[in-house]
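Student: Sequence plus predicted model, see below.
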Amino acid sequence: MNKERMPIRFEDILPTARGKDDAFEELVCQLARRHPSEVAAEFRRIHGPGGDGGVEAYWLLADHGEVGYQAKYYLASRDVRWNVIDESVQTALGLHPRLTRYVVAVACDLTDRTARGGKSGWEKWTERKAGWEADARRVLGHDVTFELWPASQLREMLEHPLMTGLRAHWFGILPLTAEWLAERARRAVADLGERYHVEDHVSVGSERLFDVVLRTDAFRQRLRGRLQRARTNAGLHLVGTGHRGEDAANARRAVDAVLEVDSLWAPA
């Protein structure tokens with residue numbers, strides 16, 4: 001499978017020196033920084049080995065509110081430790097009295113109700129969310145919006161063209177699409193400014209290597225033309241050297257087998 005088309009798997013995230021939990025926290029903070037609200041003023045990343053105050057990072061808002069972010073590296077809904085998230089929420093409410101929005105990011109999608117019974121992941125979230133909202137009104141005296149960023153939403157955020165660098169760093173996924181390459185070329189031309197003139201381009205033989213790598217139509221046409229010439233010349237050679245019968249038939253089959261190489265160069 002072409003790697004740039006592979007789905008993002010959070011279990012494959014590039015670990016930091018402190019592991020994949022820390023890497024996921026950093027990724028969520030980077031996404032939070034790149035998705036500010038309209039009244040965002042200052043972003044603060046919290047160093048958390050000794051305790052993160054209930055948030056990995058937060059936005060200070062121009063209206064004096066705060067948006068806090070908490071990341072939990074749970075890869076399956078059944079593994080979510082809601083009591084641990086409870087502790088983070090209570091800590092955040094105690095240390096961030098201006099909190100108006102609190103985002104919880106998890107590396108999985110929550111389960112829904114099934115015939116097997118028991119509370120689903122989404123039912124547990126809804127139940128916890130209602131409790132946190134009540135706690136916020138009691139402790140802070142105002143409402144706090146609690147929001148979940150599950151794996152599917154994180155993937156959607158990461159699939160945006162502007163998130164290419166994050167995908168490449170954390171998951172080794174670099175989408176070498178025509179649009180991505182065109183944008184890089186546009187930026188390079190813009191950086192060169194008046195030093196760039198398209199008429200100054202000099203074609204060199206090494207450019208054809210890119211046609212081979214990309215399996216372009218131009219390369220396939222050149223290959224097909226040369227194979228056809230090889231077949232014609234081989235036929236003339238066989239006739240000129242007096243080959244007949246089975247020897248000639250075997251030789252022609254060998255030439256036809258070479259011509260089948262063309263089919264191997266179809267675009268991936």
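Tutor: That came in fine, so what should we check first?

Student: Name the nearest residue to the most centrally placed residue in the chain, sequence neighbours excluded.
Tutor: When CA atoms, centre = their mean is applied to the chain, the residue found nearest the centroid is R167 (3.8 Å). Nearest non-adjacent residue to R167, counting by CB to CB, 6 or more residues apart in numbering: I173, 4.5 Å away. Quick note: C-beta positions are derived from backbone N, CA and C, even for glycine.

Student: quick one on the thing from earlier: would you quantify the distance from the residue nearest to the centre of the chain to I13?
Tutor: To I13, R167 is 11 Å away according to CB to CB, to the nearest Å.

Student: what do you get for H201?
Tutor: In terms of CB to CB, H201 sits 41 Å off from I13.

Student: What of Q228?
Tutor: Using CB to CB, we find Q228 at a distance of 50 Å from I13.

Student: Tell me which of the two has more neighbours.
Tutor: For Q228 versus I13, neighbours defined as other CB atoms under 10 Å are more numerous around I13 (21 against 12).

Student: residue contacts, V80?
Tutor: Contact analysis of V80 by CB atoms under 8 Å, 6 or more residues apart in numbering lists K72, Y74, V106, C108, L110, G121, K124.

Student: Out of the residues you listed, which sit inside helices?
Tutor: Using DSSP state H, the subset of the contacts of V80 located in helices is G121, K124.

Student: now the contacts of V80 in TSV, with neighbour count, pLDDT and distance to H47?
Tutor: TSV is the format used below for the contacts of V80 (neighbours: other CB atoms under 10 Å; pLDDT from 0 to 100; distance: CB to CB, whole Å):
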residue	neighbour count	pLDDT	distance to H47
K72	21	97	18
Y74	22	98	22
V106	28	98	22
C108	21	97	26
L110	21	97	29
G121	22	96	30
K124	17	97	30
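
Student: secondary structure element for the residue nearest to the centre of the chain?
Tutor: Assigned by DSSP states H and E, R167 belongs to helix 164-171.

Student: What residues of that helix count as buried?
Tutor: T164, L166, R167, H169, W170, F171 (16 or more other CB atoms under 10 Å).

Student: what does stretch 75-89 give?
Tutor: By 16+ other CB under 10 Å, the buried positions in stretch 75-89 come out as L75, S77, V80, I85, S88, V89.

Student: gap between the helix or strand hosting V104 and the chain center?
Tutor: Using DSSP H and E, V104 maps to strand 99-106. Centroid displacement of strand 99-106 relative to its chain, using CA atoms, centre = their mean, to the nearest Å, is 23 Å.

Student: Just the residues contacting it, thanks.
Tutor: When contacts are defined by CB under 8 Å, 6+ apart, strand 99-106 is touched by residues 24, 28, 31-32, 55, 58, 61, 65-74, 80, 85, 89, 92-93, 132, 136, 140, 142-151, 154.

Student: Alpha carbons only: can I get the helix or strand encompassing R128 in CSV?
Tutor: Using DSSP H and E, R128 sits in helix 121-140. Taking C-alpha atoms only, helix 121-140 is exported to CSV below (Å, rounded to 0.1, in the frame of the first residue of the first chain):
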residue,chain,number,x,y,z
GLY,A,121,-18.1,4.7,25.8
TRP,A,122,-20.4,7.5,24.7
GLU,A,123,-22.8,6.9,27.5
LYS,A,124,-19.9,7.2,30.0
TRP,A,125,-18.8,10.4,28.4
THR,A,126,-22.2,11.9,28.5
GLU,A,127,-22.6,10.9,32.2
ARG,A,128,-19.1,12.3,33.1
LYS,A,129,-19.7,15.5,31.1
ALA,A,130,-22.9,16.3,33.0
GLY,A,131,-21.1,15.8,36.3
TRP,A,132,-18.2,18.0,35.2
GLU,A,133,-20.5,20.8,34.1
ALA,A,134,-22.2,20.7,37.5
ASP,A,135,-18.9,20.8,39.2
ALA,A,136,-17.8,23.7,37.2
ARG,A,137,-20.8,25.8,38.1
ARG,A,138,-20.3,24.9,41.8
VAL,A,139,-16.6,25.5,41.9
LEU,A,140,-16.2,28.4,39.4
